[in-house]
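**Student:** structure here, sequence nowhere to be found:
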């Protein structure tokens, strides 16, 4: 599995390192946030903590909040995304324990930490922060459309939930491995926890969405790359507006289009067929050219999870033949992925 | 000038008729909201009120809040949009007078009525409401993308502030004049005051923007038309996401593309050239087909304000020749406009 991506250098970054909180989770799928942090920000996770009875582990050392604080932890992150996004009453005692031990609390669930009175009171008493990463930063501007310095890559999806974040993380890491100065820029809650900073695009008021995307990748050194996590899809019946705002505000020089092999219909909207890769590339280039006329598509990131190696190779080769661009599954790496990285940096 | 469009029949409509409040305005341009209400909802405006020293008038009778209440008014509307959107301290006394007289207060400025303590207290004491039409309704859903019954028209712009609202109002009135059952659907604050209901699209959280647009034109009788006020432009560097969410959620059968004769650059973003009418039509049809494959463009609404009659006729004829569709300035009416209405209903 991947190594960590470098933390951002922003002064307003989230308090790190983290202690990962697993609640009372017994189903690994609900601990995706904790696993994502272990995989992509492992050097900034000192350990894990959980309620009695939790059976899922990230494999990191089990530490009490006080022990984690001694080892340098500055916050405890809720690493769970359970259905409904609720914070059960059984979590309150361990969350209070973290505040008492001197850790800030970070959450990204629907339920806001600051809406829970005992947590709010304890945070005041102990001088700690309750940070909800779904809250957009205050004072977001309307987009200016002004061209910014530095280089930018945005991952674009044929749908939601098929690898835009993992693709951006993989590319940022590969850029760094080649000595290219690059930052992963997070536009959703899990990505924000991994990067330690970012903007939750889906929670921004519509008029400021492109402006929020502009603040996400500010002016930078001409040789620097921002590798920006995409959101939704330009053809999504519910979220296309978010995707377009992110595209316009990001002003990407390069896009990488992400698709899940075999997916034919929009997740949660089965009466909508997915757009083809060709249509997705063409539409993204047409719309993206509005704020960056030199936008180009470097290739395709194909999620082949569930295929064996031979089938994955066939799917990747078949897609590359069809679209005439480099295609790779970043989770499988290899030469195909190196060719995709070449094309991004070309 | 135009007659009133019919008020919506919604139970959650704004309290009407209105008393229009002009504050201490001495510059007619800042009273645009009041003029728009006089022109398009005149039958629901009992009169006007203002601070001592105001020099602008809508021509409606000057009434105290108590007199207006006696004549049936149910609310006083702030009809002013001054720079900065502030509510000056000199307005507080007349606003309190309206609450005391039994009128609700309606505002659409940046400053929220409910943030002003004396107004909040007086509203409680007198059992009145402070209504901010910039506040989106609670509980907006994520868009489903499900096709709804009834017919829909959406006005689409090459830019902001060039006649999308007036075009939609004119078309809804013309449909009604021909005996076609049609409602104007408002997506911005002035439109909401005119219609008495609507959704302020620019204030909705991005993830719910297309869902908000779906609630704006609900299932209706198959012969019924919703004529929906467009927002922004699909090529606007700051607001395209709002425009795309409104397009997807509206599922229009028909679009009318609105342009201001002679405008070449995006208002407030002079480094961006406006897209051509042809590009705007093509892009809107391509994107709109995602949620309504039978979308078509009926024609162009050309804002010719500032031209004399002969020049306006030439501009309209020249544009019609170029795009090969009916073109009219709804504010000038005439045969060209009737042909545009024909094309919408064809």
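**Tutor:** Structure received. The model shown is predicted, which means the values in this text are computed figures rather than measured ones.

**Student:** without its sequence neighbours, what residue ends up closest to the closest residue to chain B within the stretch 51-200 of chain A?
**Tutor:** Residue of the stretch 51-200 of chain A nearest chain B, by C-beta to the nearest C-beta: residue A:145 (3.1 Å). C-beta here means a position set from N, CA and C on the backbone, and glycine is covered the same way. Leaving aside its sequence neighbours, residue A:145 sits nearest to residue B:237 (C-beta to C-beta, 6 or more residues apart in numbering or on different chains; 3.1 Å).

**Student:** tell me if the one you found really is in a helix.
**Tutor:** No: secondary structure of residue B:237 (DSSP: H, G, I helix; E, B strand; the rest coil): coil, not part of a helix.

**Student:** list the contacts of it.
**Tutor:** By C-beta atoms under 8 Å, 6 or more residues apart in numbering or on different chains, the contact list for residue B:237 reads A:143, A:144, A:145, A:210, A:248, A:290, A:291, B:266, B:269, B:272.

**Student:** the third one: neighbouring residues, count only.
**Tutor:** One way to gauge burial is a neighbour count; for residue A:145, by other C-beta atoms under 10 Å in any protein chain shown, it gives 21.

**Student:** was I right to think it contacts residue B:272?
**Tutor:** Yes: judged on C-beta atoms under 8 Å, residue A:145 makes contact with residue B:272 at a distance of 5.9 Å.

**Student:** give the residues shared as contacts by the two.
**Tutor:** Counting by C-beta under 8 Å, 6+ apart, the shared contacts of residue A:145 and residue B:272 are B:237, B:266.

**Student:** kindly give the local confidence score, pLDDT, for the residue of the stretch 51-200 of chain A closest to chain B.
**Tutor:** Per-residue confidence at residue A:145 stands at 98 (pLDDT).

**Student:** how about the strands in chain A?
**Tutor:** Secondary structure of chain A (DSSP state E): strands at A:18-21, A:45-49, A:75-78, A:104-107, A:130-132, A:151-157, A:182-185, A:225-228, A:254-260, A:265-266, A:269-273, A:296-303, A:327-328.

**Student:** what about residue A:218, neighbour count?
**Tutor:** Other residues close to residue A:218 by other C-beta under 10 Å number 12.

**Student:** quick one: contacts for the residue nearest to it when sequence neighbours are not counted?
**Tutor:** For residue A:218, ignoring the flanking residues on the chain, the nearest one in space by C-beta to C-beta, 6+ apart is residue A:148 at 6.7 Å. Residue A:148 makes contact with A:214, A:217, A:218, A:219, A:220, A:251, according to C-beta under 8 Å, 6+ apart.

**Student:** grab the nearest non-local neighbour of the first one.
**Tutor:** Here the nearest residue to residue A:214 in space, its sequence neighbours aside, is residue A:249; by C-beta to C-beta, 6+ apart that works out to 4.5 Å.

**Student:** for the second one, same thing?
**Tutor:** Of all residues beyond its chain neighbours, the one nearest residue A:217 is residue A:226 (3.9 Å), with distances taken as C-beta to C-beta, 6+ apart.

**Student:** quickly list what that neighbour is bridged to.
**Tutor:** residue A:152, residue A:183 (DSSP bridges).

**Student:** enumerate the residues of the stretch 151-300 of chain A near chain B.
**Tutor:** A:201-207, A:209-211, A:235, A:237-245, A:248, A:266, A:269, A:271-272, A:283, A:286-287, A:290-291 (C-beta under 8 Å from any C-beta of the partner chain).

**Student:** now those: which count as buried?
**Tutor:** For those, a burial check counting by 16 or more other C-beta atoms under 10 Å in any protein chain shown picks out A:201-207, A:209-211, A:235, A:237-245, A:248, A:266, A:269, A:272, A:283, A:287, A:290-291.

**Student:** got the contacts of residue A:148 as CSV, with pLDDT and distance to residue B:88 columns?
**Tutor:** Formatted as CSV, the contacts of residue A:148 follow (pLDDT from 0 to 100; distance: C-beta to C-beta, whole Å):
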residue, pLDDT, distance to residue B:88
A:214, 98, 33
A:217, 97, 39
A:218, 97, 36
A:219, 98, 38
A:220, 97, 43
A:251, 98, 40
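
**Student:** so which of those residues comes closest to residue B:69?
**Tutor:** residue A:214 (48.0 Å; C-beta to C-beta).

**Student:** how many neighbours does that closest one have?
**Tutor:** Residues lying near residue A:214 (other C-beta under 10 Å) number 27.

**Student:** who are the contact partners of it?
**Tutor:** By C-beta under 8 Å, 6+ apart, the contact set of residue A:214 is A:141, A:143, A:144, A:148, A:249, A:251.

**Student:** for ChimeraX, what selects the buried ones among these?
**Tutor:** The ChimeraX selection below is limited to those of these classed as buried (16+ other C-beta under 10 Å):
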select /A:143,144,148,249,251
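
**Student:** okay, and which of the contacts of residue A:214 map to helices?
**Tutor:** Per DSSP state H, helices hold the following members of the contacts of residue A:214: residue A:249.
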